[in-house]
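Asks: Everything below, folded, please.
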Amino acid sequence: MMPQAMRRKMFAEVDLHGMNELIDKGALLVDVRSKIEAKKGIAPGATNISLFTLKHRLVELPRNRTIVVYCGTGGR
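Replies: Presented below is the predicted three-dimensional model:
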């Protein structure tokens, strides 16, 4: 059974302007690309947690902050 918090809409797609506004308000920026992809460069202030390991690393993410995730293609 899915926890109550997960049933609510907790995700939204934002454009670059919206992302910057969220970051300015204190959101955590998470790069979900692989380590190999992230070696090409990562956004300033971002944390790299690959999508494939994210499920196992959720405890590392703050529950009291908005989290903005990005990848290289927008499809992950």
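Asks: From now on I want contacts and neighbour counts done on CA atoms only, so please keep to that.
Replies: Fine.
Asks: Contact partners for the residue lying closest to residue 50 once chain neighbours are set aside?
Replies: Leaving aside its chain neighbours, residue 50 sits nearest to residue 32 (4.3 Å; criterion: CA to CA, 6 or more residues apart in numbering). Counting by CA atoms under 8 Å, 6 or more residues apart in numbering, residue 32 makes contact with 48-51, 54, 69-71, 76.
Asks: Which members of the residues you listed are classed as buried?
Replies: Using 16 or more other CA atoms under 10 Å as the burial test, these include 48-51, 69-71 as buried.
Asks: Could you measure from the residue nearest to residue 50 over to residue 26?
Replies: Separation of residue 32 from residue 26 (CA to CA, to the nearest Å) stands at 19 Å.
Asks: Could you tell me how many residues sit around residue 46?
Replies: Residues lying near residue 46 (other CA atoms under 10 Å) number 15.
Asks: bridging residues for the residue nearest to it when sequence neighbours are not counted?
Replies: Distance criterion CA to CA, 6+ apart; nearest residue to residue 46, sequence neighbours excluded, is residue 29 at 4.7 Å. Beta-bridge pairing for residue 29 (DSSP bridges): residue 68.
Asks: Would you enumerate the residues in contact with the residue nearest the centre of the chain?
Replies: The residue lying closest to the centre of the chain (CA atoms, centre = their mean) is residue 69, at 2.2 Å. Residue 69 sits next to 29-32 when contact means CA under 8 Å, 6+ apart.
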